[in-house]
Each structure stands twice: as structure tokens, then as C-alpha cells.
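> make a model of this:
(one chain, ligands or ions: 1)
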Amino acid sequence: MRPPCRPLPADGRFLQAVGPTPLVPVRLHEEGPTIWCKLEFLNPSGSTKDRIARYMLEKAWRQGELVPGGEVIEASSGSTSIALALACAQMGLRFTAVMPEGVTGERILTIRAYGGDVVLVPREAGVHGAIVKAEELARERKAFAPRQFENLDNAEAHRVWTGQEILSQIPGGLVHGVVSGVGTGGTVVGLYQAFAEAGCPVTAFVARPIAGLGCDIECCSFSPRVPGVVDGMSRLYREADMPGRVEIDVSDDVAMSTARALIRRGFPVGPSSGLNYVAAVEAAKRLGPGAQVVTVFPDRMERYFSTELIQPKPVPTRGAA
Ligand code: PMP
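This is a model prediction of the structure:
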């Protein structure tokens, strides 16, 4: 049975500013392939997560799971929390983000600026600890928990929305490869589904940031230098039907230097865009000449002003004390 259609709160109209974003061809190196890059950092809160925040909250609102003044609680390393904080501010809802200690100050300040609360779990508890704490709080306070790591609406937002935009923007509506690092997996799963359903001969490539320096966050064998991309946390990703998916390992040093190169070319992106671009170049090489490869630039550089993305660590000189 269809859910009753509840009109959205009028204040939420600014959420219509989420998408469409440009899809631009980017070639960083003269001898390299051209990659089709979706500029998702142009969304209102500065990341692709505006899509899933709007999609999941509007659906919950229409189905009566959210009422005026209600509360939303989510575990997120940052981007989703920031997007939810903005969407909740628009819709007159309260918001609490749960995340591990160690996330950048910019993220916490941004959420608080939108009127959201931030609850930090110990750094060692990692993303998993944040999920457990968010569940506990949501139960106690009878709040709506979007649960981005398992909510199929996360991937659906990209299947019915971002993916359809890309199909209308790319020449011939033809995609051979789709590339993304996985946090929840919503991006790569939803886009793959959109392109496969449209009849494209598409392969999904999953970018894995490999730590040069080791990872000190439990439940994460990936490099912590690429925030938002984590290993094996997401039920949504593990259970997705993506036959023939290919994993591509990328050194976190290369992901970081590529993000800086993209910034110098006028794309104000964060580390995961560098990761995605490097993996997309490798995917294009494997698919061969003429392949149309799509990737996403998920978020903006301003979120990383206090990090090594903008202030690279000095390289120790030989003989220095
Ligand atoms: N990049 C950044 C900056 C992110 O925050 C995320 C999601 N946490 C991703 C990439 C991965 O996107 P998804 O969750 O759709 O797999």
C-alpha cells in the first residue's frame, strides 16, 4: 500500500537546491585518460550527502516517522552529519550526530553552527562504536535514526537521482565504469544500479585507500587520511548485487597528492576525490580506449583546512635532529 502523502514543511524548500550538479571531463595528465567527474561538492552543505539526507528525511517525513520538532540521530564520520544538520535546520527538526573523537574541528563546528548536537565516542571505538551509541540514544529518545550504513534509501537516492542526472549528462548516455571509495557504499551501489538498469555495460570499481603509515582506528584497515572511506562496515554494500565488481588499491600518499593537484586545477575537493580520481584513471586503463568512466568528487576542501591536505607535513631533511 502507498504511504499517505504528507506535505513537506515549507521551510524545507531550500533543500530543492540539492543537485543537479555538473558532470565535467577532467584530464590531469596529458598522456592520461579523461574521467567524467560529478561535482558533488557543489551541493548546499558541501557534499554528496545532501542527496541522501534530503531523500531519507523526506521519505521518513512523508511516512509519518518524523513529526514537526522531532529528533534525528545519526552515526557519521562527518559528511552525512553535516548534511543532516542542514536538512534538519531547514525542516525544523532537532539533530544529534555521533562520531569518534579525532574528527576535524571544522566538522564539529559546522554541525553546531546549524544548531545540531555532537556526541563523541572514544577514538578507539571507531565508526562501529559511534553506530552502537547512536542506536542507544535513538531508542532512549524515540528519535528517527536514518542508519545510512544499512538504509536502502541511501543507495536509492543515487539510483533514482544522481545516477539519472549522470545518464542525461554523459555523451550518449553511456557509462562503462563507475568508480568510488566506499563509506556506506550508497554512492557506488546506487550509481551502478542506475547505469546497469539503463542497459549500460558497466563495471563497478571500488577504490581502497591503503595506509602508508598504518591505521590506528579499530574496525578500519584503510588509511584514516581519507575520511569517509572505511572498510567493511556497511551492510548495504556487503549485501549489494554488483556482479564483477573490481577493487583498486590506491596509496594514501597518491590520493592526497592527487587531491592537491585537483585543487590547483580549480576543483576545491577533499581527499576522497583524489582517491576516486586515481582509481578512475586505473579503471579507464583496464577498460581500454574509448571507455567512459564516471567518478564522484564527494566533498569540499574547506572541510580540511586544519589537515595535511592544505598544510602538508614537512618532509624531514637528512641529518635533521
Ligand atoms: N567521501 C566522503 C568525503 C564521504 O564522507 C563519504 C561517505 N561517508 C564517501 C566518500 C563515500 O560515500 P558512500 O557513503 O556513498 O560510500
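> can you list the residue ranges for helices in the protein?
Remark: helices assigned in the chain by DSSP state H are 49-62, 79-91, 105-113, 126-141, 152-157, 163-169, 186-197, 235-238, 252-264, 271-287.
> just checking, Ala134 touches Ala145?
Yes - proximity of Ala134 to Ala145 meets the contact threshold set by CB atoms under 8 Å, at 6.3 Å. Any C-beta I mention is one placed from the backbone N, CA and C, and that applies to glycine too.
> okay, the two: which has more neighbours?
Neighbour totals were compared for Ala134 and Ala145, and Ala134 leads with 24 against 20 (other CB atoms under 10 Å).
> residue contacts, that one?
73-75, 98, 145 (CB atoms under 8 Å, 6 or more residues apart in numbering).
> which residues are common contacts for Ala134 and Ala145?
With CB under 8 Å, 6+ apart as the test, Ala134 and Ala145 both reach 73-74.
> domain parsing for the protein?
23-43+151-296, 48-141 (the TED database).
> could you dump these into a markdown table with mean pLDDT and distance to Ala17 added?
What follows is those, written out as a markdown table (pLDDT from 0 to 100; distance: least, CB to CB, whole Å):
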| stretch | mean pLDDT | distance to Ala17 |
| --- | --- | --- |
| domain 23-43+151-296 | 93 | 8 |
| domain 48-141 | 93 | 8 |
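> circling back to that earlier point, can you redo the helices of the chain as TSV with distance to Pro68?
Below are the helices of the chain laid out as TSV (distance: least, CB to CB, whole Å):
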stretch	distance to Pro68
helix 49-62	9
helix 79-91	9
helix 105-113	21
helix 126-141	16
helix 152-157	21
helix 163-169	31
helix 186-197	27
helix 235-238	29
helix 252-264	40
helix 271-287	35
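> quick one, which of the ones you listed is nearest to Thr21?
helix 163-169 (7.3 Å; CB to CB).
> who does the closest one touch, helix- and strand-wise?
strand 23-26, strand 35-38, helix 186-197 (3 or more CB pairs under 8 Å, 6 or more residues apart in numbering; DSSP states H and E).
> contacts for the last one?
Read it as helix 186-197. Residues contacting helix 186-197 (CB under 8 Å, 6+ apart): 48, 52, 148, 154-160, 162-164, 166-167, 175, 178-180, 182, 202, 204, 206, 236-237, 240, 242, 245, 294, 296, 298.
> give me the buried entries from those residues.
Buried members of the contacts of helix 186-197, counted by 16 or more other CB atoms under 10 Å: 48, 52, 148, 154-159, 162-164, 166-167, 175, 178-180, 182, 202, 204, 206, 236-237, 240, 242, 245, 294, 296, 298.
> per-residue pLDDT, Pro9?
With respect to pLDDT, Pro9 scores 75.
> same question, the one 10 residues further on
Per-residue confidence (pLDDT) for Gly19: 95.
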